[in-house]
Each structure stands twice: as C-alpha cells, then as structure tokens.
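Peer 1: sequence first, predicted coordinates after that:
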Protein chains: 2
Amino acid sequence: MDKQTVTIYDVAERAGVSMATVSRVVNGNQNVKPATRKKVLDVIEELDYRPNAVARGLASKKTTTVGVLIPELSNPFFARLADGIHDIAAMYHYDILLTSPEEGKNGDVSALNSLLAKQVDGIIIIGYRLSEAMTKELQNIRTPVVLAGTTLEGMSNIASVNINHEQATKEAVTILTEFTDQVALVVGPLTDYINGHRRLEGYKKALEDQKIKYNEGLIFESPYTLEAGRNLAERLIDSGAKAAFVTDDLLAVGILNTLIELGHRVPDDFQLMSANNTVYTEICRPKLSSVQHPVYDIGAVSMRLLTKMMTGEEIEDKNIILLHSIKQKDSTK
Amino acid sequence: MDKQTVTIYDVAERAGVSMATVSRVVNGNQNVKPATRKKVLDVIEELDYRPNAVARGLASKKTTTVGVLIPELSNPFFARLADGIHDIAAMYHYDILLTSPEEGKNGDVSALNSLLAKQVDGIIIIGYRLSEAMTKELQNIRTPVVLAGTTLEGMSNIASVNINHEQATKEAVTILTEFTDQVALVVGPLTDYINGHRRLEGYKKALEDQKIKYNEGLIFESPYTLEAGRNLAERLIDSGAKAAFVTDDLLAVGILNTLIELGHRVPDDFQLMSANNTVYTEICRPKLSSVQHPVYDIGAVSMRLLTKMMTGEEIEDKNIILLHSIKQKDSTK
DNA sequence: TTGAAAGCGCTAACAT
DNA sequence: ATGTTAGCGCTTTCAA
C-alpha cells in the first residue's frame, strides 16, 4: 500500500546508529568512521532503503529539479533543444519537470507558477512568445531563469542563450540576392520580437547592402505548418519573388513540395532557404539549404548556465550568443 | 534570497484564523464559513501566498506528479506520444517529471529509481526495450505503472496501451503481396519482443495466407536512422525484393530517397510501406503509405488509465489495444 | 465551523 | 566521530 515504508529511522535503528549518521552516509559526508559507514551501507542494502526526495527537498530547500517550459514537444526544433537540456541536466543530476503553457491568456504565467510551487531550483524557458504578464513576473523572480532561444526585448538582466537572428537572416538573404533582387521573407507573427524586429531588420540590411529597394509585398506572415506552405507557394510566385527565406523548416518544405508540384524548378526558377536545419531539410528533395542553428547546444549551454546560477557561481555573461552557420544544400544556387 | 517567504502561518496570522482553516480554504474544503473563506482568500491575494507543493507532498504523500520515461525526445513518434500524455496530465492537474534512461546497463532501472525517489504518484514508460533488471523491478513495484507503446512478453499484470502490431504488420504486408511475392521486412532489433515476435509473426502469417514461401533473406535488421536507409536500399534491390514493409519512418524515407536517386521508380518498381505515419511520411515525395498508429491517443489513453490507477478507480481492462489503420498514399500501388 | 497538535522523512546546526 | 534536536510547510485527525 505505502509507496515507501523504509525510512531513515528504520535504517538507523537496525544499524545501531543515529539517523544523523545515516544521513551523513547517504549524503557522502566524510565525518563517518569507515566501519560505521560500512555497517550503515549494509543495512541500507538489506532494507532496500531509498531516501525520500520530497522530504529532503523540504528540509534542504533544494529539489534538484529544474522546470522546463516548452511550447510543444512535437516540434523537432524544440525537441532537440530539450534533448540538450536533458543531457546536461542528467550530467549534473537534475531532474526535469516539464510544462507547456496552457492555451489562452497568461497560460505561461500559470505554468510558471506551477513550477514555482513545486520549488524547482531553476527554470528554462524555451523559445516562446512571452505574454506581458509573464514578462512582468520574470522581472522580480527569485528563482534562476534562463531563456533558451528567445530574448526579451531590452531585458538583458534575464539570462539567455541565443543565436544572432538578425545576422543569420542577413547572411541568408544576402546569399539569395546574388541571383535575384526579388527575395521574399516568410516569417511567423511579426508581433513576435525575433520575427518582427531581428529578422525583419536583418532582411532589410541585406537588401540595403545590395542596394535593393525594400518591398513590403514580399513579406509574408504565416503559421508554421505544412498546409500553410501549400497556400503560400502560389502567393509567392504571384508576388514575383524568385527566392525566399523561410523561418520554419516544416513551412519551407510545404512550400518546396508545392512549388515542385506546380511545375516550378528549385533552385533554378526559385531558391529556398530555411532557418533551422532540422531533419526535415534532409528528408525532402531537393534538400533544403538552411541556416544551421546549434539547437542542441542552445539547450545544453542554457542548462549549464542555469547550473551556475543555481549554485551561485560567478557568471561572466548572462546573455550568450552562439555561432550559426549557413548550410548550402540543393535548394539554392 | 528565499524562494518563498510567505507560509501558511503568515496567512493564518494575518487573517486571524488558524493555519488549519487556511489549509481548508486552499484545498476547497467546504467546512468553512463563507465570511471566513473570503477573509482568508483576501489575505492570500494580498500576501501573494502560494502553497509549497513539496511540503504538501510530504504531508499528504501525494505529489500530483507523474514520471515519464522516454527514450528520446527528438523522435517524433515519442514526442507525439508525450504530447498525448501531457495534455491529459494537464487536464487532471498532474505535472510531468521527464527522464530518459542513461546509456549503459540498467540505465532504465536507475531512471525508474530516481522517479520513485521523487515520490511520483504514477509512471508511464514510453515504448522501450526494457532490461531484464527493469522487468524484475516492475514486478513488485507499488507505484502505478503504464506501458505506452510497449508490452512485456507475458506480463499482462502490468498495464499497457498498444496497437496490435502483429495484425498491423499482417495487413500491411498483405497489401504489398498483391503485386509481388518478394516482400521484404525491415525491422529494428529482432531481439526486441515487438519486432522479433509480433511483427515477424504478422509478416509470416501474411505470407502464409498468400501461399508465399518464407525466405529469411528478405528479413533485414537495421538501426532507425536516415543513413541506415542509404545502405539498405541497395541491399534490398540485390535481395530481389520488390516491396518492403519498414517499421520506422525515418529509415523508410532514407530507403525511399536512395532508391529514387539510384533511378528506381516508387511504387512502380518497388513499393514501400512504413509503420508510424509521422509527418516524415508527408514530407517526402512520393508520400509514404503507412500504418497509421493512433500515437497521440496511445499517450492520452495511457495517461487516462494511469489517473484511474492512481485514484484507485476500477479498471476494466489493464491491457488496452487501440485500433490502427492503413493509410495508402503514393508509395504503394 | 474552527483550532490544536501530531506527524510526513529528512537536513543542519549544535552538542558531546 | 556521533547523537540530539529543532525545524522545513503542509495535511489531517481529534477535540471543542
């Protein structure tokens, strides 16, 4: 019936020592005579005693658990990020409490609160559009927080790990402009800081450098789905664009496949570049050229940064920018 | 400095009631006079009090947390399953503690133990090849466990949610045998129960029904990667096979793309059927015909089943089989 | 309807 | 090197 019946008292009694000694043995405290240690260890083995992490958490105010806020697991970009987080967390013996924000207003805040209630030692927020309320909450939170793959406009006081989206977009668009002046930008909601500011900015700078006139008709906002790509393909062609930088891989594949179905040749008639270099870009034909995010690393570095914050280590730089690169494959000239 | 300074005592004092009353209000106990309730609620609001879930867990022996053991997040099949688990968990207000088994012998057991130490109320194990030791542990575990997408040979005492792999394989192979007798089976490790028994069995039965002689040369074991598909493509052709049922989507896409590169026509020269109908099968060209697992549902149903077990509800059937179907797309005739 | 008090299983001073 | 003791913040009888 009971999950766990064996407590530290049982071990202490059986081993003929005090519970404090058992606690010391369990926690690797050196102030225990080897003989005593052995005796305790034997009893632990014999009784199959396992420390209760909840009780430990209450007493020590540390849960060795970190909360991870993730928009959706089935997005490979986020999933890969989570992998990076998980591996480093395991390395430092932290467990991961996973939450996705519920739908609706301020779902992210209540997800955050639920993590806080469970007394997590730290929190990683994965690439997400944060609500106003959330931003406010994060201002005066006591628990260490790292943003992985997002930034909050002008909130450099909150730790973050990212790539330089403006620069990446600029590089990608520049490559496309080598063969045409008509380069479209296909992004998610422009109200999102990264899209509406960093990426759009990078796009404009690339054009500027090439002395190409900015044309709002070449900017497309779209949901990140395969289906959305179907509809977009034709609109892209109609717009006169001869190339496009697409900020989501799945969306890019949708566009790619539809273009081909419609009889367009990629990259000859139309060049495509996507943004995340997930396995999607390897599966389609032709393979999609893409910005290469160090996605796994963003997760790993975020977690490492968080461990430092949790243990109070000195942090050199709270806002880390990781290097990106451009993988030219078969969808660009 | 402190994560949380406001305790139930602070609220009690400020509201001029006992902590027991505050506890009742927080937990929705009806035995509180409305006026008292309102007063307490006001103070809670004013002090921004949030119950400490760890303390609550220790006192009540319930953590409202379920552990999920998942092999890898970046596999879309598992990720989708996790989505199903997550959504239902959220619905019942459970949080999810996520763990992947570490590499090496009995990594799954230590992952399990770490979940148990954290006093999770229940555990879901996602499609995994379980070690001997793990199987043993699961025999006499006190915490409710549900296997999602796996079965343990002859261990129907452990709850599970699955599809009928034998039947699914049989149906898939039967479709392929309509146009050729040379149907290959490409699977993961045959030592794995589902592959080596259920799927192989289904394959054999399909052949038997069609009076086709079983040929061991048409059985291929392979890792589930895109690269593995490259090498396999040629071997498949050399084996004389004219069709293949492949139990992993990514692997199937690898084979598909390589076949096409080598100048073979799919499905005219070679038919391909895969097993999980993930988004991968929609991205490639031609689109892959596939067995349609209700993956999300397996996750959702597993979690629902677990909630019942955790609350001690009556369970009709601990071993649930969900229906599958076959999606014929463009890689079969 | 409310309060008092005894734990839950452990950590962490403080003693010895 | 080891033991004693006071919490950690909450739930939950048991009384009132």
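Peer 2: Arrived safely, thanks for sending.
Peer 1: hey, let's count contacts and neighbours off CA atoms from now on
Peer 2: Fine.
Peer 1: quick one: low-confidence ranges for chain A?
Peer 2: Across chain A, residues meeting the criterion (pLDDT under 70) sit at A:1-4.
Peer 1: show me what from it comes close to chain B.
Peer 2: Taking C-alpha under 8 Å from any C-alpha of the partner chain as the criterion, chain A approaches chain B at residues A:1-3, A:50-55, A:57-58, A:72-76, A:79-80, A:82-83, A:95-99, A:117-119, A:142-143, A:253-254, A:257, A:280, A:283-285.
Peer 1: buried subset of these, written for PyMOL?
Peer 2: Restricted to buried positions by 16 or more other C-alpha atoms under 10 Å in any protein chain shown, the PyMOL selection for these reads:
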select buried, chain A and resi 50+51+52+53+54+55+57+58+72+73+74+75+76+79+80+82+83+95+96+97+98+99+117+118+119+143+253+254+257+280+283+284+285
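Peer 1: near DNA strand D, which of the residues of chain A next to chain B show up?
Peer 2: Among the residues of chain A next to chain B, the ones lying near DNA strand D by C-alpha under 7 Å from any atom of the strand are A:55, A:58.
Peer 1: in strands, which of the residues of chain A next to chain B fall?
Peer 2: Among the residues of chain A next to chain B, DSSP state E puts A:95, A:96, A:97, A:98, A:99 in strands.
Peer 1: what's the local residue count around the residue nearest to the first one when sequence neighbours are not counted?
Peer 2: This points to residue A:95. Closest residue to residue A:95 apart from its sequence neighbours, by C-alpha to C-alpha, 6 or more residues apart in numbering or on different chains: residue A:65 at 4.6 Å. Here the number of neighbours of residue A:65 (other C-alpha atoms under 10 Å in any protein chain shown) works out to 22.
Peer 1: any idea which residue of the stretch 51-200 of chain A lies closest to DNA strand D?
Peer 2: Nearest residue of the stretch 51-200 of chain A to DNA strand D, counting by C-alpha to the nearest atom of the strand: residue A:59, 3.1 Å away.
Peer 1: check which helix or strand residue A:220 maps to.
Peer 2: Using DSSP states H and E, residue A:220 falls within strand A:219-221.
Peer 1: and that strand, which strands flank it?
Peer 2: Strand A:219-221 has the following strand partners under DSSP bridges: strand A:183-187 (parallel).
Peer 1: the strand it pairs with: what's the following helix or strand?
Peer 2: helix A:193.
Peer 1: just checking, what packs against the helix or strand following that following helix?
Peer 2: For helix A:193, the succeeding helix or strand toward the C-terminus, using DSSP H and E, is helix A:200-209. With contacts taken as 3 or more C-alpha pairs under 8 Å, 6 or more residues apart in numbering or on different chains; DSSP states H and E, helix A:200-209 sits against helix A:165-177.
Peer 1: how far does the helix it packs on sit from the chain's center?
Peer 2: Relative to its parent chain, helix A:165-177 has a centroid offset of 22 Å by C-alpha atoms, centre = their mean, to the nearest Å.
Peer 1: looks like the residue nearest to residue A:95 contacts residue A:120 (just checking).
Peer 2: Yes: counting by C-alpha atoms under 8 Å, residue A:65 does reach residue A:120; the two are 5.2 Å apart.
Peer 1: just the terminal-to-terminal distance for stretch A:231-251.
Peer 2: Start-to-end span of stretch A:231-251 (C-alpha to C-alpha, to the nearest Å) is 10 Å.
Peer 1: ok, and for it, which residues are buried?
Peer 2: Neighbour-count burial for stretch A:231-251, counted by 16+ other C-alpha under 10 Å, picks out A:232-233, A:236-237, A:241-251.
Peer 1: what lies in contact with it?
Peer 2: Stretch A:231-251 is contacted by residues A:169, A:172-173, A:176, A:180-188, A:217-218, A:223-229, A:252, A:255-256, A:258-259, A:269-278, A:280-281 when judged by C-alpha atoms under 8 Å, 6 or more residues apart in numbering or on different chains.
Peer 1: mind listing what's buried along stretch A:323-333?
Peer 2: Those buried within stretch A:323-333 under the rule 16+ other C-alpha under 10 Å are A:324, A:326, A:327, A:328, A:330, A:331, A:332, A:333.
Peer 1: what residues does chain A have near DNA strand C?
Peer 2: Residues of chain A lying close to DNA strand C by C-alpha under 7 Å from any atom of the strand are A:4-9, A:19-20, A:23-24, A:26-27, A:50-53, A:55-60.
Peer 1: who's in contact with residue A:129?
Peer 2: Residue A:129 neighbours (C-alpha under 8 Å, 6+ apart): A:150, A:192, A:193.
Peer 1: wait, which of the residues you listed is closest to DNA strand C?
Peer 2: residue A:150 (33.7 Å).
Peer 1: shouldn't that closest one be within a helix?
Peer 2: No: assessed by DSSP: H, G, I helix; E, B strand; the rest coil, residue A:150 does not belong to a helix; its assignment is coil.
Peer 1: what count of nearby residues applies to it?
Peer 2: So residue A:150, with other C-alpha under 10 Å, has 19 neighbours.
Peer 1: is it true that residue A:319 touches residue A:164?
Peer 2: No: judged on C-alpha under 8 Å, residue A:319 makes no contact with residue A:164 at a distance of 11.3 Å.
Peer 1: returning to that earlier point: with the buried residues of stretch A:323-333 in mind, which one is nearest to DNA strand D?
Peer 2: Nearest to DNA strand D among the buried residues of stretch A:323-333: residue A:324, at 43.7 Å, using C-alpha to the nearest atom of the strand.
Peer 1: pop out the phi and psi values for the closest one.
Peer 2: Backbone torsions of residue A:324, given as degrees, to the nearest 10, read phi -110, psi 170.
Peer 1: residue contacts, the residue nearest to residue A:95?
Peer 2: So residue A:65 contacts A:94, A:95, A:96, A:97, A:120, A:121, A:122 (C-alpha under 8 Å, 6+ apart).
Peer 1: what's near enough to touch the fourth one?
Peer 2: The neighbours of residue A:97, taking C-alpha under 8 Å, 6+ apart as the test, are A:65, A:66, A:67, A:68, A:115, B:95, B:96, B:97, B:98.
Peer 1: kindly report the same for the first one.
Peer 2: With contacts defined as C-alpha under 8 Å, 6+ apart, the neighbours of residue A:94 are A:64, A:65, A:66.
Peer 1: how about the last one, phi and psi?
Peer 2: The reference is to residue A:66. Given degrees, to the nearest 10, the pair of backbone angles that residue A:66 has is phi -120, psi 140.
Peer 1: please name the residues that touch the residue sitting nearest the centre point of chain A.
Peer 2: Central residue of chain A (C-alpha atoms, centre = their mean): residue A:126, 3.8 Å from the mean position. Residue A:126 sits next to A:68, A:69, A:70, A:71, A:78, A:81, A:147, A:148, A:149, A:150 when contact means C-alpha under 8 Å, 6+ apart.
Peer 1: now do residue A:133
Peer 2: Taking C-alpha under 8 Å, 6+ apart, one finds A:106, A:109 in contact with residue A:133.
Peer 1: just the buried residues of the one helix or strand it maps to, please?
Peer 2: Per DSSP H and E, residue A:133 falls inside helix A:132-139. Using 16+ other C-alpha under 10 Å as the test for burial, helix A:132-139 gives A:134, A:135, A:138.
Peer 1: what helix or strand does the nearest residue to the first one once chain neighbours are set aside sit in?
Peer 2: If the residues on either side of it in the chain are set aside, residue A:134 comes closest to residue A:109, at 5.3 Å by C-alpha to C-alpha, 6+ apart. The secondary structure element spanning residue A:109 is helix A:107-117 (assigned by DSSP H and E).
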